[in-house]
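*Asks:* Structure for this input, please:
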Amino acid sequence: QLIPLFVIIGAGGVGASLYLMRLAMFNPDVSWDKKNNPEPWNKMSPSDQYKVKCNFNTEKYRFLRSII
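*Replies:* This is a model prediction of the structure:
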């Protein structure tokens, strides 16, 4: 009866570990080699994608431009 509980907890632990590994490997704010690359976020070119999306809908609030 406890097998499903162990499976779910194990899957959650594996998922959390994979997410932390993804953040550590692919996040531009993480620097593993501080001697040769102390500030990797300053070396990003304009073509690099570092912002996923904008949650603010500018079309919905267009009338605010005329007020200001």
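*Asks:* Regarding the chain, what is its longest helix?
*Replies:* Longest helix in the chain, counting residues (DSSP state H): helix 3-26.
*Asks:* what does that helix contact?
*Replies:* Applying Cβ atoms under 8 Å, 6 or more residues apart in numbering, the contact partners of helix 3-26 are residue 30. (Glycine included, C-beta is placed from N, CA and C.)
*Asks:* Give me the buried positions along that helix.
*Replies:* Neighbour counts over helix 3-26 (16 or more other Cβ atoms under 10 Å) mark no residue as buried.
*Asks:* per-residue confidence averaged over that helix?
*Replies:* Averaged over helix 3-26, pLDDT sits at 94.
*Asks:* when you give positions from now on, start the count at 611
*Replies:* Sure, I'll start counting at 611 from here, so that last one is helix 613-636.
*Asks:* Can you show me the CA trace of that helix as CSV?
*Replies:* The C-alpha trace of helix 613-636 is given here as CSV (Å, rounded to 0.1, in the frame of the first residue of the first chain):
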residue,chain,number,x,y,z
ILE,A,613,4.5,1.7,-3.0
PRO,A,614,2.5,4.5,-4.8
LEU,A,615,3.6,6.9,-2.0
PHE,A,616,7.3,6.0,-2.5
VAL,A,617,6.9,6.3,-6.3
ILE,A,618,5.4,9.7,-6.1
ILE,A,619,7.9,11.0,-3.6
GLY,A,620,10.7,9.5,-5.6
ALA,A,621,9.4,11.1,-8.9
GLY,A,622,9.2,14.5,-7.1
GLY,A,623,12.7,14.2,-5.8
VAL,A,624,14.0,13.3,-9.2
GLY,A,625,12.1,16.1,-10.8
ALA,A,626,13.4,18.7,-8.3
SER,A,627,17.0,17.4,-8.8
LEU,A,628,16.7,17.7,-12.6
TYR,A,629,15.3,21.2,-12.3
LEU,A,630,18.1,22.3,-10.0
MET,A,631,20.7,20.8,-12.4
ARG,A,632,19.0,22.7,-15.3
LEU,A,633,19.3,26.0,-13.4
ALA,A,634,22.9,25.4,-12.4
MET,A,635,24.0,24.5,-16.0
PHE,A,636,22.0,26.8,-18.2
